[in-house]
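Colleague: take this sequence and fold it.
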Amino acid sequence: MLNILLVLFIFLLSFIVAHYFYLDPLGIGKHLARKSFPEAAQELGLRRQSTSGNQLGNYSGKYKQHFVKIEFESARIQLNMKSISGISLSTSYDRASFSTQDEAFDSFFSERIASSSIADKIKNNETFLNFVSDFKKKWQSKLKYFVVNEDYIECRFKYGYGHYIPGDVLKKFLPDLVRFTVLLHNAVYKY
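Modeller: So this is what the prediction gives:
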């Protein structure tokens, strides 16, 4: 009986560590992700590009007219987008050339660099700012970083201390990432 309780305690502790600290001490999360990720990627129209040894490899393809590249083993996603000259938004650095006066946006993106005209368009687009607030609530705790450059968005997840992306997370995140991109472009180009 004591052995059963000990095993249950170890699994419970492993779940808590994985869920709250994004660590995967027993490798259960990565094992499950290795099974669910390829199917999820295929459902989203992404194809396996390369493998190395025992690794799952890289996936890429078009999703809703955006080229996406995913490095499973480093939990990294890159989505190419139409260029926005001079923009740089990041959760990793602490430089800001503008403030939107929107607490959620400004606290999510500690780096905010853009021309004054682009900054004004972002500041005045309530739809985009509201979406960023929801995006932040949903994804900030799961992301290691999130960076918007002139022609792509790059992010990395914390799962397994940054070593995998669960398939169910990919299926929920990629539509949100594309929506972020579309709303950003609408704010900058259609305002």
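Colleague: and the pLDDT for the residue nearest the centre of the chain?
Modeller: Residue closest to the average C-alpha location in the chain (Cα atoms, centre = their mean): residue 155, at 4.7 Å. If you check residue 155, the pLDDT there is 98.
Colleague: in the helix or strand hosting it, what's buried?
Modeller: Element membership of residue 155 [criterion: DSSP states H and E] is strand 152-157. Applying a neighbour-count criterion of 16 or more other Cβ atoms under 10 Å, one finds 152, 153, 155, 156, 157 buried in strand 152-157. Yep, even glycine has a C-beta here, placed from its N, CA and C like the rest.
Colleague: can you lay out these as TSV showing distance to residue 113?
Modeller: Listed next are those as TSV, based on distance: Cβ to Cβ, whole Å:
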residue	distance to residue 113
152	16
153	15
155	18
156	20
157	24
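Colleague: count of residues packed around residue 34?
Modeller: 18 (other Cβ atoms under 10 Å).
Colleague: for it, what are its contacts?
Modeller: 56, 164 (Cβ atoms under 8 Å, 6 or more residues apart in numbering).
Colleague: what are the buried residues along the helix or strand harbouring it?
Modeller: If you go by DSSP H and E, residue 34 is part of helix 28-43. Of all the residues in helix 28-43, those buried under the rule 16+ other Cβ under 10 Å are 29, 30, 33, 34, 36, 37, 38, 40, 41.
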